[in-house]
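**Student:** structure for this input, please:
(chains A, B and C)
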Amino acid sequence: MRIRQVHPWDVSVEEAVDLQLRLAARAQKAAPFRGRVRRVAGADLAYDKRGDRIWAAVVLFSYPDLQRIEEVVDTCRVHFPYIPGLFSFREAPPILDCLERLRSRPDVIMLDAHGIAHPRRFGLASHVGLLASLPSIGCAKSRLVGAHETVPSAKGGQAPVYYNHSKVGTALRTRAGVRPVYVSPGYRLSVGSATAMVLACAHGHRIPEPIRAAHDLANRARRLRSIQIAEM
DNA sequence: GCGACAG
DNA sequence: ATCTTGTCGC
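**Tutor:** Okay, the predicted model is just below:
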């Protein structure tokens, strides 16, 4: 699929924040998914111990039966610093490269990150979704912003996450006895449909299958170090 | 000024 | 995120 080249990535921290403020406006339409979801992609990354190279992986699954269809990995060096709230400037490039090389188009992509549950309502999931013109979901392992009540302990238990007087996501128990994950729509999705899709992809593990598979693939690629794709 | 703070 | 072995529990 084609990726839009909207802005450069070698920007300063100030420019990055400015870009988020400007791009966020395009990622705030909360629409429930239209039609049938047939393919869901999961994306995640692995870092080397020095923290200057990352491996990105995208794994495509059929939905809702979750059969593995296709997978892509990419690697590149990172220069942008680790700053909560600015992940996309480190992680989006290699993920977008993977998406660009994907043969069949996903209906939605879920990432180990936040969507609009972000200081400027434009987390990594939103950024990737916007540039790829693909509905996206952020499913993070911990909270970045917002607050919520106690999450029911059974699988499927949830509590809305509020930030600045608006609902930005869901704290969702994907399995009994584990900490909830934080689901927030990234691009062109509603909190409800994003939450439903994550729960539908929870197969006995805290992390939904597409992201789990991408996490595993990224780590395997890192250990092998055999796929050193062109750097940019 | 002091915490909080995705991966 | 990554560095690390075994170990307690379903």
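**Student:** test my guess that A:Glu149 contacts A:Ala159.
**Tutor:** Yes: contact status for A:Glu149 versus A:Ala159: in contact at 4.8 Å, counting by CB atoms under 8 Å. (Each C-beta comes from the backbone N, C-alpha and C, glycine too.)
**Student:** which of these two has more neighbours?
**Tutor:** Neighbour comparison, A:Glu149 and A:Ala159: the larger count goes to A:Ala159, with 17 against 10 (by other CB atoms under 10 Å).
**Student:** quick check: longest helix of chain A.
**Tutor:** helix A:209-224 (DSSP state H).
**Student:** and it, how far out from the chain's middle?
**Tutor:** Computed by CA atoms, centre = their mean, to the nearest Å, the chain-centroid distance of helix A:209-224 equals 14 Å.
**Student:** and chain A, which of its residues are near DNA strand C?
**Tutor:** A:45-49, A:51, A:112, A:141, A:219, A:222 (CB under 7 Å from any atom of the strand).
**Student:** any chance of the residues you listed in a markdown table, with pLDDT and neighbour count too?
**Tutor:** Converted to a markdown table, the residues of chain A next to DNA strand C look like this (pLDDT from 0 to 100; neighbours: other CB atoms under 10 Å):
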| residue | pLDDT | neighbour count |
| --- | --- | --- |
| A:Leu45 | 97 | 27 |
| A:Ala46 | 97 | 21 |
| A:Tyr47 | 96 | 17 |
| A:Asp48 | 94 | 14 |
| A:Lys49 | 92 | 7 |
| A:Gly51 | 91 | 10 |
| A:Asp112 | 98 | 24 |
| A:Lys141 | 97 | 13 |
| A:Asn219 | 95 | 16 |
| A:Arg222 | 94 | 20 |
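**Student:** and which of the residues you listed is nearest to A:Arg188?
**Tutor:** Closest to A:Arg188 out of the residues of chain A next to DNA strand C is A:Asp112 (19.4 Å), distances taken as CB to CB.
**Student:** for that closest one, phi and psi?
**Tutor:** With angles defined as degrees, to the nearest 10, A:Asp112 sits at phi -80, psi 80.
**Student:** check which helix or strand covers the closest residue to it other than its chain neighbours.
**Tutor:** Spatial nearest neighbour of A:Asp112, chain neighbours left out: A:Asp44 (4.7 Å); criterion: CB to CB, 6 or more residues apart in numbering. Following DSSP states H and E, one finds A:Asp44 within strand A:39-47.
**Student:** gap between that strand and the chain center?
**Tutor:** Per CA atoms, centre = their mean, the displacement of strand A:39-47 from the mean C-alpha position of its chain is 7 Å.
**Student:** mind giving me the packing neighbours of the helix or strand harbouring A:Cys98?
**Tutor:** Applying DSSP H and E as the criterion places A:Cys98 in helix A:88-101. Applying 3 or more CB pairs under 8 Å, 6 or more residues apart in numbering; DSSP states H and E, we find helix A:88-101 packed against strand A:39-47, strand A:53-62, strand A:68-77, helix A:124-132.
**Student:** what about the last one and DNA strand B, touching?
**Tutor:** Spelled out, it's helix A:124-132. Yes: judged by CB under 7 Å from any atom of the strand, helix A:124-132 and DNA strand B are in contact via A:124-125.
**Student:** now do the longest helix of chain A against strand A:53-62: the angle between them, please.
**Tutor:** Helix A:209-224 and strand A:53-62 are oriented at 140 degrees to each other (axes from the mean of the first three to the mean of the last three CA atoms, to 10 degrees).
**Student:** what about stretch A:76-85, start to end distance?
**Tutor:** Taking CA to CA, to the nearest Å, stretch A:76-85 runs 21 Å from one end to the other.
**Student:** the residue most central in space within chain A: what's it in contact with?
**Tutor:** The centre of chain A sits closest to A:Leu111, judged by CA atoms, centre = their mean, with a distance of 2.0 Å. Counting by CB atoms under 8 Å, 6 or more residues apart in numbering, A:Leu111 touches A:42-44, A:95, A:124-125, A:128, A:136-139, A:186, A:211.
**Student:** cool, thanks, signing off.
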